[in-house]
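Undergrad: My questions concern the predicted model and sequence given below.
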Amino acid sequence: MPDLTILIPLYNEARNVRPLYEEVVRVVTRLEKSYEIIYVDDGSSDGTYDEVRALHSQDKNVRLIRHRRNFGKAQALSNGFSAAQGQVIITMDGDLQDDPEEIPRFLEKIAQGYDLVSGWKTNRQDQWSKTLPSKAFNAITRWVSGVKLHDFNCGFKAYRADVVKDVDVYGEMHRYIPVIAAREGFKVGELAVHHRARLHGRSKYGITRLATGVFDLFTIAFVTKYLDRPLHLFGSIGTVLFSLGFIAGLYLTYLWYIDVIIWNRPLLILAVLFMLAGIQFFSTGLFCELLVRLNRHKRGVERVREQW
């Protein structure tokens with residue numbers, strides 16, 4: 001088992017592969033750590049694969065996972081996490097903007113007892129069109145999740161091995177790994193890191209990333225607050241709807257009792273609709289609660305940090 005796994009997702013970064021490799025190797029060699037470098041080629045259409053293959057021929061510590069097409073960063077990280085053998089996993093972007101000289105500082109933070117250390121690009125070298133929306137996104141995520149990090153989007157992170165084996169990453173959820181990890185009881189910390197300007201290639205993220213991030217944020221809000229108690233959410237909504245419908249029904253019953261015609265009133269349909277919707281929400285909450293109980297029974301042992 002190597003001391004370190006350096007996990008680097010790549011998408012059309014041919015000109016950055018070798019310079020980043022040389023920097024990483026120089027740092028980990030100085031640390032006297034055994035290592036592996038896992039590149040995940042996420043469907044690159046340039047010479048990225050050939051560059052990694054050439055590195056593997058000269059250094060067997062270099063490993064490659066190659067996707068059939070571009071599946072996205074979350075899938076690249078998920079596959080990389082599954083293959084990682086290191087005791088500590090360092091993830092970094094393949095665009096040379098993350099500085100490998102920060103790796104020793106990440107390891108120091110891990111040694112202090114943190115399970116996950118997230119980078120914080122305090123002086124981000126990107127255009128305002130990326131930094132401004134990112135700040136707003138991070139502020140909303142802090143508020144919704146309760147995890148006090150400044151930069152959820154930073155790809156430069158360090159994990160203990162048990163974190164990456166326990167966190168399920170899919171869709172665009174890689175931004176929220178610290179939130180998921182914190183929910184699972186792992187100790188999450190933050191480290192201000194040096195961020196460099198991009199020299200080669202171009203950013204792979206556009207404005208569409210913000211839209212998908214908003215949808216994932218709703219998912220995280222549910223996961224962090226109600227995953228273990230879905231009945232609290234669905235039951236509350238169902239109770240409110242049923243109560244409104246029931247009150248409207250009582251009012252209509254009173255009108256009917258005093259010989260007022262109620263069959264042509266829209267309120268009758270609305271009352272029935274609210275009560276039916278309330279019952280459906282409550283039933284959904286009970287069904288989800290059952291699934292949670294079954295899942296908790298199966299995962300009970302896996303979440304134990306220590307057992308004597």
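TA: Arrived safely. Residues are numbered from 1 along each chain as shown.
Undergrad: Over to Asp93. Which of the three states is it?
TA: Under DSSP: H, G, I helix; E, B strand; the rest coil, the three-state class of Asp93 is coil.
Undergrad: And for Gln58, the neighbour number?
TA: Residues lying near Gln58 (other C-beta atoms under 10 Å) number 8. Using the backbone N, CA and C atoms, a C-beta is placed for each residue, glycine as well.
Undergrad: What are the phi and psi values at it?
TA: phi -110, psi -10 (degrees, to the nearest 10).
Undergrad: quick one: low-confidence ranges for the stretch 51-200 of the chain?
TA: Where the stretch 51-200 of the chain drops to pLDDT under 70, the residues are 125-133, 170-172, 198-200.
Undergrad: at 50 what do you get?
TA: For the stretch 51-200 of the chain, no stretch is flagged by pLDDT under 50.
Undergrad: Just the helices from it, written as ranges.
TA: For the stretch 51-200 of the chain, applying DSSP state H, counting those that start in this stretch gives helices covering 73-83, 103-111, 128-145, 161-166, 177-183.
Undergrad: Please tabulate these in CSV and include distance to Ile8 and mean neighbour count as additional columns.
TA: Output for these, formatted as CSV (distance: least, C-beta to C-beta, whole Å; neighbours: other C-beta atoms under 10 Å):
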stretch, distance to Ile8, mean neighbour count
helix 73-83, 8, 21
helix 103-111, 12, 18
helix 128-145, 20, 15
helix 161-166, 14, 18
helix 177-183, 16, 23
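Undergrad: Adding distance to Ile258, write these out as CSV.
TA: Putting the helices of the stretch 51-200 of the chain into CSV (distance: least, C-beta to C-beta, whole Å) gives the following:
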stretch, distance to Ile258
helix 73-83, 62
helix 103-111, 73
helix 128-145, 49
helix 161-166, 63
helix 177-183, 54
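Undergrad: and the residue of the chain most remote from its centre, backbone torsions?
TA: Farthest-out residue of the chain from its mean C-alpha position, per C-alpha atoms, centre = their mean: Asp259, at 59.6 Å. The phi/psi pair for Asp259 (degrees, to the nearest 10) reads phi 70, psi 40.
Undergrad: that older thread, mind checking which of the helices of the stretch 51-200 of the chain is nearest Met92?
TA: Closest of these to Met92 is helix 103-111, at 8.5 Å (criterion: C-beta to C-beta).
Undergrad: which strands and helices sit next to the closest one?
TA: Applying 3 or more C-beta pairs under 8 Å, 6 or more residues apart in numbering; DSSP states H and E, one finds that helix 103-111 contacts strand 4-10, helix 14-31, strand 88-91, strand 116-121, strand 157-160, strand 188-193.
Undergrad: how far does it sit from the chain's center?
TA: 22 Å (C-alpha atoms, centre = their mean, to the nearest Å).
Undergrad: circling back: and of the helices of the stretch 51-200 of the chain, who's closest to Lys33?
TA: helix 103-111 (8.1 Å).
Undergrad: now that closest one and strand 188-193, what's the angle there?
TA: Angle, helix 103-111 to strand 188-193, by axes from the mean of the first three to the mean of the last three C-alpha atoms, to 10 degrees: 160 degrees.
Undergrad: Give me the contact list for helix 103-111.
TA: 4, 6, 24, 27-28, 31, 88, 90, 117, 119, 156-158, 160, 189, 191, 193 (C-beta atoms under 8 Å, 6 or more residues apart in numbering).
Undergrad: And those residues, which of them are buried?
TA: 4, 6, 24, 27-28, 88, 90, 117, 119, 156-158, 160, 189, 191, 193 (16 or more other C-beta atoms under 10 Å).
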